[in-house]
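# Generate a structure from the sequence data that follows.
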Amino acid sequence: MKDTSFDPIDLFLRTVREMPDRPAVHVDGRSWTYAELDHLSQRIAAWCDAVCVEEQRVAVHGARTVLAYAGILGVLRSGRAYVPLHPAHPPLRWRSMLMRASVHNAIAPEQVHPQLREAGVDVLLDLEGLPSSVTQDNVRRSSEAYVMFTSGSTGEPKGVPVGRAQVAAYLRHICTCYGFRPEDRFTQFFALSFDLSVHDLFACWSAGGCLCVPPADGALQALSFANEQGITVWFSVPSQVAMLQRMRLLRPGALPKVRQAFFCGEPLPLELARTFCEAAPNAQVVNLYGPTEATIAITEQVVGPGLTERVVPLGHPFPGNLARVRSGGELATSGEGELVLTGPQVNAGYLGQRSVSFFEAQGRHWYATGDRVRMDVDGVIHFLGRVDEQVKLAGHRVEPAEIDAVLKPLLGDGTAVTVPVQRVGGTELATFIDVEMDPAPLFAALRERLPAYMLPSRIIVVDRFPHGTHGKLDRKALIERATHG
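I've put the predicted structure just below:
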């Protein structure tokens, strides 16, 4: 009887058995076959068993090397969960994540070993440190797959532990619905600390395709990279394609080999989707939506000729999951309100903290997304905005309050308020402070704790903050000032 498990490691190992000599990943100028990647992951799993406590999480430095990809496989097959570290994030942010996830071991290139040791990681690894002999069946099961960290309003990142069953529920749908093939070549634009990368890896490896990894600075060359590598499955945030459009590179027929294209992480403007359809005339284009708490993506909308709204709808939930609109405390199947989700892809909660975003109702466990939507009578979900101040920058969730919390200790009795500002090239952040001081040390403090995409473009000093008639901070006035001066 054929194995029908959609556990990520089961999918990979099935492909290893059936297609060992096909290329599994092309990275850093070299292709590795499934057999080679499998052997490397076995050695990493053996290392995990030798030095790590059972089921203890292991950090994986997300540099674009075969070590990172084999590391994820090795950690998972050892029965542990991985915690990805973005290479460009400051070490203080790594330290916060490692502490919150109780990580004591990391898989990382040698050049970052000193920084990780300072963060309290005891055992580090590079390819030369791997065991040379392994057992063929060193595969263990565990409940947790990975922990991703998102921006938190308290000044510290929030950990989202995601189970292997939740990943399997996602892969069950995406791998059966979209017909990936062994000859497919997949993009891998997403950082490994971004949960959309999990789709890249395991949708590809489930089909026997080749994961094509561009260099770290390859965003501007995405189109030429795709054509050089013969990409057939594209996955990116919309803003990456918008950048290609602004550079006048996204011409009709520019991506003739792409047959499947997915977008996620940001609202997808219909005009941009149409432009991509012209650039990739042989592709089916799909808009996916899903917060990290609902495992990669949980709704889908195919871009077709019948769409007329300015932004492509979020569509319908994947089979087995439910979406409702919450308004006035009630959960409805149509109307406007906050989108709430339930089903096998929704995780249990945050790492080490309670949150009102997760709640129980109607005998189910729900996640409140903070996204304001309209659900029509056909059950199609249409994105309208946010119910809070959270913003998206290049697909990353950003809580402006996290920036303000980092600055607060430096301002004495002063206050910091960060707001989003819309520019021609996308959204940027501006921070207002009501203390007269040199912004240079403030920027330095932010760079020590926050990733580059969270840094405000400006710090603006005001005599006093504007307030509305009811005494509430007038954020719209701040946005207006930051936009027009």
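# Where do the helices of the stretch 1-150 of the chain begin and end?
8-18, 34-51, 66-77, 91-100, 113-118 (DSSP state H, counting those that start in this stretch).
# Relative to Ser206, which of these is closest?
Ranking the helices of the stretch 1-150 of the chain by their distance to Ser206 (criterion: CB to CB) puts helix 8-18 first, at 4.0 Å. Just so you know, the C-beta spots here come from the backbone N, C-alpha and C atoms, and that holds for glycine as well.
# Outside of stretch 259-269 itself, list whatever touches it.
With CB atoms under 8 Å, 6 or more residues apart in numbering as the test, stretch 259-269 has contacts from 178, 180, 184, 194, 196, 199, 232-239, 241-242, 273, 276, 280, 282-290, 297, 303, 310-312, 383, 392, 394-396.
# Try it again at 6 Å.
Stretch 259-269 is contacted from outside by 178, 196, 232-235, 237-239, 280, 282-288, 297, 311-312, 383, 392, 395, using CB atoms under 6 Å, 6 or more residues apart in numbering.
# next one: stretch 363-378
291, 293, 325, 334, 336, 338-342, 346, 357-359, 381-388, 390.
# Just the element for Ile174, please.
helix 164-177 (DSSP states H and E).
# Who are the packing partners of that helix?
Other helices and strands packing on helix 164-177, by 3 or more CB pairs under 6 Å, 6 or more residues apart in numbering; DSSP states H and E, are helix 196-207.
# List the buried residues in stretch 116-134.
Neighbour counts over stretch 116-134 (16 or more other CB atoms under 10 Å) mark Leu116, Ala119, Val121, Val123, Leu124, Leu125, Leu130, Val134 as buried.
# my bad, should have said stretch 282-290
Buried, per 16+ other CB under 10 Å, within stretch 282-290: Ala283, Gln284, Val285, Val286, Asn287, Leu288, Tyr289, Gly290.
# for stretch 79-91, same thing?
Neighbour-count burial for stretch 79-91 [16+ other CB under 10 Å]: Gly79, Arg80, Ala81, Tyr82, Val83, Pro84, Leu85, His86, Pro87, His89, Pro90, Pro91.
# In JSON lines: those residues, plus distance to Asp434.
Formatted as JSON lines, those follow (distance: CB to CB, whole Å):
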{"residue": "Gly79", "distance to Asp434": "52"}
{"residue": "Arg80", "distance to Asp434": "47"}
{"residue": "Ala81", "distance to Asp434": "43"}
{"residue": "Tyr82", "distance to Asp434": "43"}
{"residue": "Val83", "distance to Asp434": "38"}
{"residue": "Pro84", "distance to Asp434": "38"}
{"residue": "Leu85", "distance to Asp434": "35"}
{"residue": "His86", "distance to Asp434": "32"}
{"residue": "Pro87", "distance to Asp434": "36"}
{"residue": "His89", "distance to Asp434": "29"}
{"residue": "Pro90", "distance to Asp434": "26"}
{"residue": "Pro91", "distance to Asp434": "31"}
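# Make JSON lines out of those and add distance to Gly155 and pLDDT.
Below are the buried residues of stretch 79-91 laid out as JSON lines (distance: CB to CB, whole Å; pLDDT from 0 to 100):
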{"residue": "Gly79", "distance to Gly155": "33", "pLDDT": "95"}
{"residue": "Arg80", "distance to Gly155": "29", "pLDDT": "96"}
{"residue": "Ala81", "distance to Gly155": "25", "pLDDT": "97"}
{"residue": "Tyr82", "distance to Gly155": "25", "pLDDT": "98"}
{"residue": "Val83", "distance to Gly155": "20", "pLDDT": "98"}
{"residue": "Pro84", "distance to Gly155": "21", "pLDDT": "97"}
{"residue": "Leu85", "distance to Gly155": "19", "pLDDT": "96"}
{"residue": "His86", "distance to Gly155": "18", "pLDDT": "94"}
{"residue": "Pro87", "distance to Gly155": "23", "pLDDT": "93"}
{"residue": "His89", "distance to Gly155": "15", "pLDDT": "92"}
{"residue": "Pro90", "distance to Gly155": "14", "pLDDT": "91"}
{"residue": "Pro91", "distance to Gly155": "17", "pLDDT": "90"}
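# right, and the helix or strand after the host helix or strand of Val421?
Secondary structure from DSSP H and E places Val421 in strand 416-423. Under the assignment DSSP H and E, the closest C-terminal helix or strand after strand 416-423 is strand 426-433.
# Can you show me the CA trace of that following strand as PDB?
Output in PDB follows, covering the C-alpha atoms of strand 426-433 (Å, rounded to 0.1, in the frame of the first residue of the first chain):
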ATOM      1  CA  GLY A 426       6.000  50.900  -0.900                       C
ATOM      2  CA  THR A 427       5.500  51.400   2.900                       C
ATOM      3  CA  GLU A 428       8.100  52.900   5.200                       C
ATOM      4  CA  LEU A 429       8.200  53.700   8.900                       C
ATOM      5  CA  ALA A 430       8.600  57.100  10.500                       C
ATOM      6  CA  THR A 431       9.200  57.500  14.300                       C
ATOM      7  CA  PHE A 432       8.200  60.600  16.200                       C
ATOM      8  CA  ILE A 433       9.700  61.600  19.600                       C
END
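# That strand versus strand 416-423: what angle between them?
150 degrees (axes from the mean of the first three to the mean of the last three CA atoms, to 10 degrees).
# Quick check: buried residues in strand 426-433?
By neighbour count with 16+ other CB under 10 Å, strand 426-433 contains the buried residues Glu428, Leu429, Ala430, Thr431, Phe432, Ile433.
# Given it, what are its sheet partners and their directions?
strand 416-423 (antiparallel), strand 458-461 (parallel) (DSSP bridges).
# Buried residues of the last one, list them for me.
Buried residues in strand 458-461, defined by neighbour count with 16+ other CB under 10 Å: Ile459, Ile460.
# Look up how far Cys210 lies from the residue nearest the centre of the chain.
Centrality entry for the chain: nearest residue to the mean C-alpha point is Phe194, 2.6 Å, by CA atoms, centre = their mean. Counting by CB to CB, to the nearest Å, the gap from Phe194 to Cys210 is 20 Å.
# just to revisit the earlier point, spatially, which two of the buried residues of stretch 79-91 are the most separated?
So, those by CB to CB: farthest apart are Gly79 and Pro90, at 31.0 Å.
# can you list contacts of stretch 48-60?
68, 71-72, 75, 78, 80-85, 101, 103, 105-107, 123, 142.
# Any idea how far apart the tips of it sit?
12 Å (CA to CA, to the nearest Å).
# And stretch 81-88, by the same measure?
22 Å.
# what residues does it touch?
57-63, 72, 75, 94, 101, 103, 144-147, 191-193.
# Can you turn the buried part of the residues you listed into a ChimeraX selection?
Entered in ChimeraX, the line below selects the buried ones among the contacts of stretch 81-88, by 16+ other CB under 10 Å:
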select :57,58,59,60,61,62,63,72,75,94,101,103,144,145,146,147,191,192,193
